[in-house]
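# build the 3D model from these lines:
(4 chains)
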Protein chains: 4
Amino acid sequence: MSQRKIRLGMIGGGHSSFIGIVHRIASYIGEQYTLVGGAFDTDYNRAIDFAKQLELDPSRTYPNIDAFVAGETALPADQRIEAVVVVTPNFLHYPMAKQLIQAGFHVICEKPVTNTAAEAVELEELVAKHKVVFALTHTYTGYPMVRQMKSMIADGVIGDVQKVDAQYYQGWINPVIHDKEKRKSVWRLDPEKAGQSCCMGDIGVHAFQMVEYTTGLKTKKVLSDLNTLYPDNALDVDGTALLRFENNVRGIVRASQIATAEENNFTVAVYGTKGSLKWEQENPNYLYFLQENEPMQVMKPGHVYASELAKQSTKMAPGHPEGIFDSMANLYTGAAKAIRGEAYLEGSYPTIRDGVRGMKFIEAVLASAKAGNTWTEIVD
Amino acid sequence: MSQRKIRLGMIGGGHSSFIGIVHRIASYIGEQYTLVGGAFDTDYNRAIDFAKQLELDPSRTYPNIDAFVAGETALPADQRIEAVVVVTPNFLHYPMAKQLIQAGFHVICEKPVTNTAAEAVELEELVAKHKVVFALTHTYTGYPMVRQMKSMIADGVIGDVQKVDAQYYQGWINPVIHDKEKRKSVWRLDPEKAGQSCCMGDIGVHAFQMVEYTTGLKTKKVLSDLNTLYPDNALDVDGTALLRFENNVRGIVRASQIATAEENNFTVAVYGTKGSLKWEQENPNYLYFLQENEPMQVMKPGHVYASELAKQSTKMAPGHPEGIFDSMANLYTGAAKAIRGEAYLEGSYPTIRDGVRGMKFIEAVLASAKAGNTWTEIVD
Amino acid sequence: MSQRKIRLGMIGGGHSSFIGIVHRIASYIGEQYTLVGGAFDTDYNRAIDFAKQLELDPSRTYPNIDAFVAGETALPADQRIEAVVVVTPNFLHYPMAKQLIQAGFHVICEKPVTNTAAEAVELEELVAKHKVVFALTHTYTGYPMVRQMKSMIADGVIGDVQKVDAQYYQGWINPVIHDKEKRKSVWRLDPEKAGQSCCMGDIGVHAFQMVEYTTGLKTKKVLSDLNTLYPDNALDVDGTALLRFENNVRGIVRASQIATAEENNFTVAVYGTKGSLKWEQENPNYLYFLQENEPMQVMKPGHVYASELAKQSTKMAPGHPEGIFDSMANLYTGAAKAIRGEAYLEGSYPTIRDGVRGMKFIEAVLASAKAGNTWTEIVD
Amino acid sequence: MSQRKIRLGMIGGGHSSFIGIVHRIASYIGEQYTLVGGAFDTDYNRAIDFAKQLELDPSRTYPNIDAFVAGETALPADQRIEAVVVVTPNFLHYPMAKQLIQAGFHVICEKPVTNTAAEAVELEELVAKHKVVFALTHTYTGYPMVRQMKSMIADGVIGDVQKVDAQYYQGWINPVIHDKEKRKSVWRLDPEKAGQSCCMGDIGVHAFQMVEYTTGLKTKKVLSDLNTLYPDNALDVDGTALLRFENNVRGIVRASQIATAEENNFTVAVYGTKGSLKWEQENPNYLYFLQENEPMQVMKPGHVYASELAKQSTKMAPGHPEGIFDSMANLYTGAAKAIRGEAYLEGSYPTIRDGVRGMKFIEAVLASAKAGNTWTEIVD
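From the prediction side, this is the model:
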């Protein structure tokens, strides 16, 4: 840990941002980044005020991304911001990420990566071309026990995967969806702002990414059933996708925003020929390992049986729970190592690859539902 | 409870039977039945030996069902066995139940009710014609908290149902399915003995019945994805069925016998416009009630807030867990009241109606899978 | 299981009895007993009515215990009731058990065994002299996972026990204890009817017995702190007892009836040099096995890893929860084997020894509290 | 949040420190502090190297606390470090805190505050005299649901407290305590380094502070039973303390380091006349609220029912678990407000008062055990 900190910038994330603070905390926890400046707000005065509060150098606060890119690239390499967090509204992720990659910045981008799979593929090509690091904050893959799960499956501990079941159930849209006026006022339900999908795009894709992350399997095709609940509501608020992997392996992704009063009931269960693993986001420090004729094992972080990847993702001794910020901090730490050019530890942060896969999943799910719930290929 | 006990007979259920003892215990617990005789075994000597052990009158032990029917119907009405438990191998349920109904006996039948939906419909007509009670032991609907759930939904406590998700995951077939020889030796995988379906017919149908039992909704159509895992294996060992109810309400039934090392992980979650209810078979004494902006409530049996149906299904004070035998005993008690001609308390035991619905579900699921995972109607 | 059933009688347990049905169900479940007769009620007409309802021979229903003993002993040995369940009010347990033992009956007795330790010792001597079986229904020791715990500790799986912590928390007395009139109307708080202690005598003793049952350790002395909550209330409603075993091993028994809204939150944790075991009555089908550097193991009934004692205490396949009646049925089955003269399987039912230990514990706890919370020996 | 950040220093906490990073993360999360300098290490070169890694100004890194105090007090008030974190070995907390208070610095001090109660009292007087903020990091009181519990009890939601039961069970000392050589090598078991007590001083005091924090009650006297396990081991590794509060209310504090394989199984249960509240450290985002005749309520952070204190202690939306660092960050944020002179929100961070109470508890517990387990007063 004797290496210097990475100079970090942020686009969006100012006073009124909910997600900005989440990313800043994640960047602080690992002590790998120094926040130097950014374009925090569309209102420049408010941006300056915000920078003051964080005691940042005002000269590194810019009125917009163009000024940011111009200003920073004009600085000497050893002062210039190296990595940029994109926490603007969803529809801006793609153009901003593109601009930043092309200007040579490493990018840490909030989800969704883009509006379309085609855009994600374009970013992937640009990332390769400009040789930058691109981290997509699929936050949940930073939890130590998710990483333990990935490692155990990769090591063959549960044998061949034969079934996967992932659920992401929330209830937050229930109080608005049943009122005609209210449901028109929610940006998540507005295709202009939210993109092609509400439920699948926002949380179903987390479940999908978790499935591919933990199992290492690639989804070949999907069959989906989406529910918009009301005819005048354009976007899905609930859905199920049947998944088919290689070798006829089956999976299910279930997502809902009308599972009334659920918070973030996100779970994943992977069943293999030799054993099974189950994990729940709301109790993230437990991993359940099932084997025939054996008592179920309850694995926790910080123990000698932790995989290398899980070990690097835990700071505390066993029995002191870490939470969602620590999970995201693990992504930042993983990206920091990549930015410094260290050898990539597989699974240490989600890359643009995850972004491409996720967008293709969403598009396939939407196509399947539109076509009357038929199987739809995901071509990579 | 001052009424006389019902004279009970049993077909099958002798020495080597696993399920016979389960039914007998259920019949004892409520103190509503006296086991009088039966045709317990295909080996008559063994049947007699078994009857001796239970200290039954040997003259009421018969070599087969024909002798049973002949012998009992020859007795005066006040001595004659009134109700008969059918716990023979699956393929015999239909002919035996039919014979018993036609002879005027009330029938308590193990699941599956028949091999085909057509047979179940036939039984339904016979039950009506002969005015007998027919109880189908969908055991789990006897749990007090399942009944509480049904009552609360019927009372509108969670508003309109907008999503249902039921799971029944087991792993017991995993150790045999991967070995070519072993999988040929399992009767559950043999269409001759097990009928049209393994996983959906055995446990998926429990999940389906639970969904219709708790919500009162009728499933209009299904789209299913079944997995036999190996080409030389004829019957499904894993499957998912998407459900469509009236008013566009969606549901999912997920069942598996290759969810390695799962035991009877049977759960049901019902999401309504005003709240949600969740229940798990392996912790059956808890019912989880979720409402927006309120702490989740954990309901338990024996409290003042219990519905009438739940109240009648509990014997102990709160905090002393009752289990699977008590659940089944509640079905026996419900049927006993019906046999005595008391007013039927809705939901107190599953009837031939549940049997018909279940068989139609199984056939629709199989048809959907065969047709390439397309929507298939359930016509009632 | 090919042996004949044991002829069972019952003293008390009629129409108005809560506990009678519990014992009857326990006797039915194992199919080891036939209820033949008894003295069910102090009101003979009601007793006869009750016998009719159970379809018992009225000639075997007696107006009182004297008539019961006289009537049954007059019968030929092969018709005579062999074992008698005592479920009368607490203060009658001792005289009735004594009378039955002296008349040569096996006795299955509700808790508390007696009012004083001296009486329990007397019964112990009579049991030995008359060579009868005496089973005391410390119901919880019938749970399979409690028995598994006992077996594992006996087998040295957790090494030497170094600490034990048992809790039995209820809240049922809270709604009455704070009202001067109400608390005078509760028989449990009346020394005439309830004996020397309320909380410790009723539930603390369960925790104590569980500690000695699972660990096999003998308590040498206790130091207790009891709370009657109000000066005009004579009996304890809450208390803690520090325990000292051989070799300086420490234990704690915590009991309360003012742990508001707790139901039967009865837990036991045993910590050994090599591992630990924890169990909770309200989730009785789980046993938690902790070892350093290993994931916690969650053991369940019905698996290949079950001890012989646990195996004999389970009827169902894994994943179908059994409950409190099944636990008590296991005591009845254990006693049945003893009554038939089979070799005693250690731990299969609590004997008069448990009764003696329990009463000595209660008296030592009361003496310690009275003496100002000082150490008080338990002399065996 | 528009106020400037507080300039923070740190004594100890360098490269080899486990606890230093915990405090730094806590200081980062709330964005209320800027780490400026300190005396991080007894080896000055290593301290400088450490400062470089954190990209701190080397001129603010000092070789020891004397230099730190001299250097910083020589700076103008608007550059000077304002608050200092003390994370040195335990025996240095007292002299260093004293020196810092006397020099006018606010102090954030690791636990234990001092070696003796007398020293804690002395610090309390100095804090008052020098008008500085003194925060003692009883980390667990920063969890939102602990704070919710405190607020609810203060608001009378559970009526009058009638029983309290707190447990802190660990197993970490088990692997070393049974080996004569190993147990001599552990600093926690060395009175020179660890002070008067091992188990009670390290974790029992957390349970005690939690009891007084959540209930607002003051402990009047204690009776304790301590276990050193081996005669050649001077300090307790296990113990139970009976507590007596005002109005005869009873409590129990149970602590152990030989509860084999327990991690940080720290729980607190408070039973009141109208309801009860229970919390567990390893699942800190749940608070269990029990009431007679009502379903148990499971409260979680971030909801509308959160108390003001709980609300201020949560950053995320419901369902995204926060952990131990977030809990400690809440203490830092609470102290920051005090340092800035904002009105003190009761319970927002533990003060020197908690330190004094804790040391008096430890001394009373030790005195009680030494005197043969007798009641010992805690005089304030």
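# next secondary structure after the helix or strand where A:I21 lies?
In this assignment (DSSP states H and E), A:I21 forms part of helix A:19-29. As assigned by DSSP H and E, the chain's next helix or strand after helix A:19-29 is strand A:33-39.
# can you list contacts of that following strand?
Strand A:33-39 is contacted by residues A:5-13, A:24, A:27, A:47, A:51, A:54, A:56-57, A:59-65, A:67-68, A:72, A:81, A:83-85, A:332, A:336, D:55 when judged by CB atoms under 8 Å, 6 or more residues apart in numbering or on different chains. Just so you know, the C-beta spots here come from the backbone N, C-alpha and C atoms, and that holds for glycine as well.
# list of residues touching the helix holding A:I21?
A:8, A:10, A:12-14, A:33, A:35, A:40, A:85, A:87, A:108, A:110, A:137, A:324-326, A:328-329, A:331-332, D:25, D:28-29, D:31, D:315-316, D:325.
# ok, 6 Å please
Applying CB atoms under 6 Å, 6 or more residues apart in numbering or on different chains, the contact partners of helix A:19-29 are A:8, A:13, A:33, A:85, A:87, A:325, A:328-329, A:332, D:25, D:28-29.
# and the buried ones among these, selectable in PyMOL?
To isolate the buried members of these in PyMOL, using 16 or more other CB atoms under 10 Å in any protein chain shown:
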select buried, (chain A and resi 8+13+33+85+87+325+328+329+332) or (chain D and resi 25+28+29)
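# need the max-distance pair from the contacts of helix A:19-29.
A:V87 and D:I25 (20.9 Å; CB to CB).
# so who does A:Q79 touch?
Contacts of A:Q79 by CB under 6 Å, 6+ apart: none found.
# can you confirm it is in a strand?
No. Assigned with DSSP: H, G, I helix; E, B strand; the rest coil, A:Q79 falls outside any strand and is coil.
# which stretches of the stretch 201-350 of chain A form strands?
A:219-227, A:238-245, A:250-256, A:265-272, A:276-280, A:287-290, A:296-299 (DSSP state E, counting those that start in this stretch).
# give me the sheet partners of the second one and which way each runs.
Sheet neighbours of strand A:238-245, with direction, are listed as strand A:219-227 (antiparallel), strand A:250-256 (antiparallel) (DSSP bridges).
# ok, the fifth one next?
For strand A:276-280, the pairing partners within the sheet under DSSP bridges are strand A:265-272 (antiparallel), strand A:287-290 (antiparallel).
# which residues are in contact with the shortest one?
Spelled out, that is strand A:287-290. Counting by CB under 6 Å, 6+ apart, A:145, A:148-149, A:276-279, A:296-297, A:299, B:261 sit against strand A:287-290.
# just the longest one next, same as before
Under the criterion CB under 6 Å, 6+ apart, residues A:158-169, A:210, A:215, A:277-281, B:259-260 lie in contact with strand A:265-272.
# which residues touch the nearest residue to A:N174 once chain neighbours are set aside?
Leaving out its chain neighbours, the residue that sits closest to A:N174 by CB to CB, 6 or more residues apart in numbering or on different chains is A:T260, at 4.6 Å. Contacts for A:T260 (CB under 6 Å, 6+ apart) come out as A:171, A:174, B:271, B:275-276.
# now mean neighbour count and mean pLDDT too, for the strands of the stretch 201-350 of chain A, in TSV please.
Listed next are those as TSV, based on neighbours: other CB atoms under 10 Å in any protein chain shown; pLDDT from 0 to 100:
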stretch	mean neighbour count	mean pLDDT
strand A:219-227	23	98
strand A:238-245	25	98
strand A:250-256	26	98
strand A:265-272	24	98
strand A:276-280	24	98
strand A:287-290	23	98
strand A:296-299	20	98
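# okay if I get those strands as TSV plus distance to B:D232?
Below are the strands of the stretch 201-350 of chain A laid out as TSV (distance: least, CB to CB, whole Å):
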stretch	distance to B:D232
strand A:219-227	23
strand A:238-245	20
strand A:250-256	18
strand A:265-272	21
strand A:276-280	25
strand A:287-290	27
strand A:296-299	32
